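Novice: show me how the following folds:
(one chain, ligands or ions: 2)
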Amino acid sequence: MTKTIVVKIGTSSLTQAETGQLALSSIASLTETLCDLRRQGHRVILVSSGAVGVGCVRLGLTERPKTIALKQAVAAVGQGRLMRIYDDLFTILQQPIAQVLLTRADLVERSRYLNANNTFQELLNLGVIPIVNENDTVAVEELKFGDNDTLSALVASLVEADWLFLLTDIDRLYSADPRSVPDAKPISLVSSMQELTELQIQTGGQGSRWGTGGMITKISAARIAIAAGIRTVITQGQFPRNIAKIIEGEPIGTHFAPQPEPTSARKRWIAYGLIPGGKLYLDEGAITAIVKAGKSLLAAGIKAVEGEFSNQDAVQLCDISGHEIARGLVNYNSQELQKICGRHSREISAILGYEGADTVIHRDNLVLI
Ligand SMILES: Nc1ncnc2c1ncn2[C@@H]1O[C@H](COP(=O)(O)OP(=O)(O)O)[C@@H](O)[C@H]1O
Ligand SMILES: N[C@@H](CCC(=O)OP(=O)(O)O)C(=O)O
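Specialist: Ligands and ions are numbered 1, 2, ... in the order given. Here you go, the predicted structure:
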């Protein structure tokens, strides 16, 4: 059966750790694997990092750029070279590819989000393998994905993929970074979101020399993907052929089982497409109502409001310690909410001087995280 498969490869797998030069055999093997998947009829998207790493090598820089402007310039050098290498390899195997460079802004506006999906679907219908990266050269700090793990999960969610493979320089997820904790335990299966929380995985720092997010961004990517009903696997980029084996059922890498009832596409856009403009701190009663009973959020359950946002913006809903529980679209702006938080719905019109919505966030616009 045709599956939609998103494969993300990190800089640490595309380049050699010591020199930063391209890991040609891994890239060639990845190319062959993705072409094999296409021949089997699957729809394939590659999310490839490497623009900054490849650009650094081209320019003789020995470490990842620290300033944004330099990183943007270096990415512009590297992205072209990266695509040239992919195009050469995929062309040898007669596989058409496309470059898709996305910014966070492309997913914030619902019409652009839907448009991005249409483009992906057309490319996949044409038998093309889209090669996606963040458009680093124009991405601005406040509006960027920041790491390609998150980007790949958002793309997988956008196109409603069946599989997301996160290829990295380690064979699987461990209870802690085995490079610094030698007795860290390997994890083969994470069967639910709750189990993921209970495992309390230690992720240490930023990851390898050229990588961006480390393991923490892979775990949050897995959360986004499994909520969308996508089976997610962390496995080693050095052996891309394992992808086909995994699809056939071999227990390689760390598997994250998809949530049985995926969150709807619109709610996924609210939760992960939009950028939250503020935080609402909730009392216990409100948390129980939205988490256990699937109720809407009322002003009475809000203890505090943080940030400046407009009516219909997305906000984070947190417990009193700031731990995020849900996201949603607000029916009031931040100034209005400052006035009505903690108050009963029937008092709202008297406080504001006009009739507003009964709910602060209607349950149709509220997503548990
Ligand atoms: N709990 C963990 N399990 C496995 N690896 C971990 C863990 N915590 C941190 N890491 C580190 O994350 C690194 C991979 O992240 P990163 O370098 O950002 O890869 P990529 O370039 O593929 O995105 C591994 O090399 C490993 O040292
Ligand atoms: N967009 C950046 C990659 C960002 C990123 O997440 O890198 P990595 O941790 O290696 O997957 C680039 O192409 O260099």
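
Novice: and the gap between residue 321 and ligand 1?
Specialist: Distance of residue 321 to ligand 1, computed by C-beta to the nearest ligand atom, to the nearest Å: 24 Å. (Each C-beta comes from the backbone N, C-alpha and C, glycine too.)

Novice: residue 222 against residue 230, yeah?
Specialist: No. Applying C-beta atoms under 8 Å, one finds residue 222 not in contact with residue 230, separated by 9.1 Å.

Novice: identify the contacts common to these two.
Specialist: Counting by C-beta atoms under 8 Å, 6 or more residues apart in numbering, the residues touching both residue 222 and residue 230 are 153, 164.

Novice: check the gap between residue 358 and residue 156 for me.
Specialist: Look at residue 358 and residue 156: by C-beta to C-beta, to the nearest Å, they are 36 Å apart.

Novice: between the two, which has more neighbouring residues?
Specialist: Comparing residue 358 with residue 156 by other C-beta atoms under 10 Å, the one with more neighbours is residue 156, at 27 against 13.

Novice: packing partners for the helix or strand containing the more buried one?
Specialist: Assigned by DSSP states H and E, residue 156 belongs to helix 148-158. The contact analysis (3 or more C-beta pairs under 8 Å, 6 or more residues apart in numbering; DSSP states H and E) places helix 148-158 against strand 4-9, strand 43-48, helix 110-125, strand 129-134, strand 163-168, helix 215-227.

Novice: does the last one reach ligand 2?
Specialist: I take that to be helix 215-227. No. Helix 215-227 does not reach ligand 2 (C-beta under 6 Å from any ligand atom); its nearest approach is 7.0 Å.

Novice: sheet-wise, list the partners of the helix or strand following that helix with their directions.
Specialist: Downstream of helix 215-227, the next assigned helix or strand under DSSP H and E is strand 231-236. The pairing partners recorded for strand 231-236 under DSSP bridges are strand 163-168 (parallel), strand 254-256 (antiparallel).

Novice: follow-up on the earlier one: how about the helices and strands packed on helix 148-158 in CSV, adding distance to residue 67, mean neighbour count and mean pLDDT?
Specialist: Output for the helices and strands packed on helix 148-158, formatted as CSV (distance: least, C-beta to C-beta, whole Å; neighbours: other C-beta atoms under 10 Å; pLDDT from 0 to 100):
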stretch, distance to residue 67, mean neighbour count, mean pLDDT
strand 4-9, 26, 25, 98
strand 43-48, 24, 26, 98
helix 110-125, 29, 14, 94
strand 129-134, 17, 23, 97
strand 163-168, 26, 27, 97
helix 215-227, 21, 23, 93
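
Novice: so what's the residue nearest to the spatial centre of the chain closest to, chain neighbours aside?
Specialist: Closest to where the C-alpha atoms of the chain average out (C-alpha atoms, centre = their mean) is residue 150, at 2.2 Å. Nearest residue to residue 150, sequence neighbours excluded (C-beta to C-beta, 6 or more residues apart in numbering): residue 221, at 5.5 Å.

Novice: next: residue 22.
Specialist: residue 15 (6.0 Å).

Novice: for the one you found, report the pLDDT, please.
Specialist: Per-residue pLDDT puts residue 15 at 92.

Novice: so what does the longest helix that the chain contains touch, helix or strand wise?
Specialist: Secondary structure assigned by DSSP state H gives helix 68-92 as the longest helix of the chain. With contacts taken as 3+ C-beta pairs under 8 Å, 6+ apart, helix 68-92 sits against helix 24-39, strand 43-48, helix 51-59, strand 97-102, strand 129-134.
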